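Enquirer: Everything below, folded, please.
(one chain, ligands or ions: 3)
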Amino acid sequence: MKVDVVLGLQWGDEGKGKIVDVLANTYPVVARFQGGPNAGHSLHFEGKKFVLHTVPSGVFREGSINFIGNGVVIDPIIFKEECEGIEAMGVPVKERVVLADRAHLILPTHRIIDAASEAAKGKSKIGSTLKGIGPTYMDKTGRNGLRIGDILTPNFMERFEALKNRHKDMLKQYDFEYNAEEREQEWLDAVNYMKQFTIVDGAYAVNGYLNGGKAVLAEGAQGSMLDVDFGSYPFVTSSSTTCAGACIGLGVSPRNIGNVYGIFKAYCTRVGSGPFPTELFDETGEELRKQGFEFGATTGRPRRTGWLDLPALKYAIMVSGVTELIMMKADVLDTFDTIKVATSYMVNGKETQQVPYDVYAEVTPVYTEFKGWKKDLTKVKSEDELPVEFKEYIKFIEDSLQVPIKIISLGPDREQTIVR
Ligand code: GDP
Ligand code: IMO
Ligand code: MG
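Expert: Ligands and ions are numbered 1, 2, ... in the order given. Have a look, this model is predicted:
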């Protein structure tokens with residue numbers, strides 16, 4: 001069996017949660033491989049809505065295994081809250097969620113350092129979700145971190161105190177008021193709660209699933225343009241959001257990767273700072289935000305909005321070897337007379353298809369225009385009901401990207417999905 005991977009190709013919030021939930025009925029295992037509670041993955045089904053931050057989006061499927069891989073960073077407080085919410089919906093969450101012992105823990109002081117560091121950056125802040133993601137990955141690569149497996153060891157408290165004191169020393173460099181102990185008891189209680197879950201050696205577990213005939217769906221968080229290497233650094237997150245991240249974050253060989261599903265919205269959004277070439281600052285941008293309900297699932301912040309960006313998509317497809325595309329939220333464009341798509345950029349007076357290295361470069365998109373379809377797509381049940389203008393729009397995208405669009409999502413609900 002293989003690991004198929006679902007990846008956001010833009011700046012996150014493409015609709016990964018919805019699609020993973022849709023696909024999860026054909027995968028016995030769904031696995032998160034990077035990121036942490038900076039993610040907010042929304043699921044709509046049977047008139048209910050649920051936002052997941054740490055738990056994989058297969059959790060509402062009966063009999064599913066929802067694996068949290070070594071590449072993920074976990075805040076026990078958020079994890080506990082989330083699991084209790086899922087359990088309240090009658091889902092046996094402790095049976096369905098499995099934790100890798102090598103996943104790192106987000107301490108309360110990681111969150112404080114995140115806040116202090118962002119505050120110190122002033123105008124050049126990243127716009128972090130302030131969940132402690134950057135500081136936790138820093139401790140991981142700096143070889144100071146605490147892992148899930150450590151919570152079962154006798155000297156855990158000693159190591160926790162040592163790391164906390166280290167953080168307090170670091171915080172001396174900031175002019176930032178904090179109380180390191182404020183959430184400590186709650187955090188320790190949540191750590192205890194985590195002990196009720198199955199904790200495994202992740203690489204053996206995932207390879208065991210594959211060898212035992214269980215296909216794995218790897219659920220990416222964030223998006224390719226937020227990748228720590230390939231995104232618009234430093235306006236990125238701190239993990240590998242591309243396909244290679246699934247190998248590292250689960251302990252599987254690249255040879256075991258099967259399909260790579262690349263998800264994109266029919267337009268673009270971004271939360272937080274950093275370049276966004278096709279961003280709209282006018283009424284059209286406002287309309288996209290309104291129609292698409294573009295407000296963060298984790299922080300509630302309004303998302304920046306703009307037209308579809310093909311050079312950025314091509315780049316993301318190249319880096320991850322995307323085999324199939326999934327287009328989300330085209331219904332948001334239902335009322336638009338004209339729809340634009342960026343096909344190249346003008347950078348320093350030269351036309352290019354490449355995403356520039358310099359995040360401060362002035363990039364002017366070159367657009368192709370399409371006539372809007374002006375039809376309610378949310379009720380469309382099959383491909384032959386799709387308006388001709390819409391078919392032209394997706395044909396153009398497929399031809400430009402040279403990858404087929406296999407799924408079209410036309411509404412937030414599980415049912416509003418067309419598989420081609
Ligand atoms: P994720 O982080 O990639 O899982 O995406 P989010 O959940 O943060 O944001 C996607 C938002 O769009 C959520 O509110 C979804 O319920 C919603 N959504 C997903 N697919 C569609 C769609 O096809 N049409 C519309 N209108 N909304 C969608
Ligand atoms: P999902 O999985 C959209 C953005 C933040 C900020 C930058 C760094 O729901 O698509 P961090 O908290 O990681 O230090 O923030 O990355 N960001 C996201 N934007 N969707 C997400 O996740 C995001 N996770 C982080 O807004 O600009
Ligand atoms: Mg999201």
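Enquirer: if I've got this straight, V6 is in a strand?
Expert: Yes - assigned with DSSP: H, G, I helix; E, B strand; the rest coil, V6 falls within a strand.
Enquirer: Setting the sequence-adjacent residues aside, check what's closest to it.
Expert: Using CB to CB, 6 or more residues apart in numbering and skipping the chain neighbours, the partner closest in space to V6 is Y261 (4.8 Å). For the C-beta atoms, the positions are set from N, CA and C on the backbone; glycine is no exception.
Enquirer: Tell me where the stretch 251-400 of the chain has strands.
Expert: 257-265, 268-270, 304-306, 308-309, 324-328, 338-347, 350-352, 363-371 (DSSP state E, counting those that start in this stretch).
Enquirer: all strands for the stretch 101-250 of the chain, in order.
Expert: Using DSSP E, counting those that start in this stretch, strands in the stretch 101-250 of the chain cover 104-105, 198-200, 216-219.
Enquirer: now the last one, how far from the centre of its chain.
Expert: Right, strand 216-219. 13 Å (CA atoms, centre = their mean, to the nearest Å).
Enquirer: ok, and does that strand reach over to ligand 2?
Expert: No - interface with ligand 2: strand 216-219 contributes nothing (CB under 6 Å from any ligand atom), its closest point being 9.0 Å away.
Enquirer: about what we covered before: out of the strands of the stretch 101-250 of the chain, which is closest to L188?
Expert: Between L188 and the strands of the stretch 101-250 of the chain, the tightest spacing by CB to CB is seen for strand 104-105, at 11.3 Å.
Enquirer: Go ahead and name everything in contact with the closest one.
Expert: Strand 104-105 is contacted from outside by 72-76, 136-137, 139-140, 145-148, 150-151, 191, using CB atoms under 8 Å, 6 or more residues apart in numbering.
Enquirer: Also stretch 125-140?
Expert: Residues from elsewhere that reach stretch 125-140 (CB under 8 Å, 6+ apart): 35-38, 73, 75, 78, 104-107, 110-111, 113-115, 117-119, 145-146, 163, 167, 234-239, 271-274, 296, 298-299, 301.
Enquirer: and with 6 Å instead?
Expert: Contacting residues not belonging to stretch 125-140 are listed as 36-38, 73, 104, 106, 110-111, 113-115, 118, 145, 235, 238, 272-273, 298-299 [CB atoms under 6 Å, 6 or more residues apart in numbering].
Enquirer: can you count the residues close to T198?
Expert: By other CB atoms under 10 Å, the residues close to T198 number 13.
Enquirer: can you pull the contacts of it?
Expert: Each residue near T198 by CB under 6 Å, 6+ apart is listed here: V98.
Enquirer: what does the one 3 residues further on give?
Expert: Under the criterion of CB under 6 Å, 6+ apart, the contact partners of D201 comprise D101.
Enquirer: how about the residues of the protein near ligand 3?
Expert: 13, 40, 297 (CB under 5 Å from the ion).
Enquirer: So for the first one, what's the nearest residue that isn't a sequence neighbour?
Expert: Think D13. For D13, the closest residue by CB to CB, 6+ apart turns out to be T269, at 5.9 Å.
Enquirer: And for L325?
Expert: Closest residue in space to L325, ignoring its immediate chain neighbours: I405 at 4.5 Å, by CB to CB, 6+ apart.
Enquirer: how about that neighbour, what does it touch?
Expert: Counting by CB under 6 Å, 6+ apart, I405 touches 325, 327, 394, 398.
Enquirer: so what does the longest helix anywhere in the chain touch, helix or strand wise?
Expert: Longest helix of the chain, by residue count under DSSP state H: helix 156-171. Helix 156-171 sits against helix 108-121, with contacts defined as 3 or more CB pairs under 6 Å, 6 or more residues apart in numbering; DSSP states H and E.
Enquirer: Enumerate the positions of the helix it packs on that are buried.
Expert: If you call a residue buried by 16 or more other CB atoms under 10 Å, then helix 108-121 has these buried ones: 108-118.
Enquirer: ok so, going back, and of the contacts of strand 104-105, the nearest to A218?
Expert: V72 (11.3 Å).
Enquirer: State the distance from the closest one to I394.
Expert: 33 Å (CB to CB, to the nearest Å).
Enquirer: of those two, who's got more company?
Expert: V72 (28 against 18).
Enquirer: Let me see the backbone angles for the more buried one.
Expert: Dihedral pair for V72: phi -90, psi 150, per degrees, to the nearest 10.
Enquirer: Check the gap between it and ligand 3 for me.
Expert: The gap separating V72 from ligand 3 is 15 Å, by CB to the ion, to the nearest Å.
Enquirer: Now V97: closest residue in space, sequence neighbours ignored.
Expert: Sequence neighbours aside, N66 is the residue nearest to V97 in space, at 4.9 Å (criterion: CB to CB, 6+ apart).
Enquirer: Ends of stretch 67-76, what's the gap?
Expert: 16 Å (CA to CA, to the nearest Å).
Enquirer: and it, does that touch ligand 2?
Expert: No - no part of stretch 67-76 sits near ligand 2 under the criterion CB under 6 Å from any ligand atom; the closest distance found is 9.7 Å.
Enquirer: sorry, back to before: filter the contacts of I405 to the buried ones?
Expert: Neighbour counting over the contacts of I405 (16+ other CB under 10 Å) leaves 325, 327, 394 as the buried ones.
Enquirer: list the contacts for W187?
Expert: Counting by CB under 6 Å, 6+ apart, W187 makes contact with 76-77, 108.
Enquirer: just curious, which of those residues is nearest to ligand 3?
Expert: Closest approach to ligand 3 among the contacts of W187 (CB to the ion): I77, at 19.4 Å.
Enquirer: Could you measure from whichever residue of the chain sits closest to ligand 2 over to G134?
Expert: For the chain and ligand 2, the shortest gap (CB to the nearest ligand atom) falls at G272, measuring 2.1 Å. Look at G272 and G134: by CB to CB, they are 12 Å apart.
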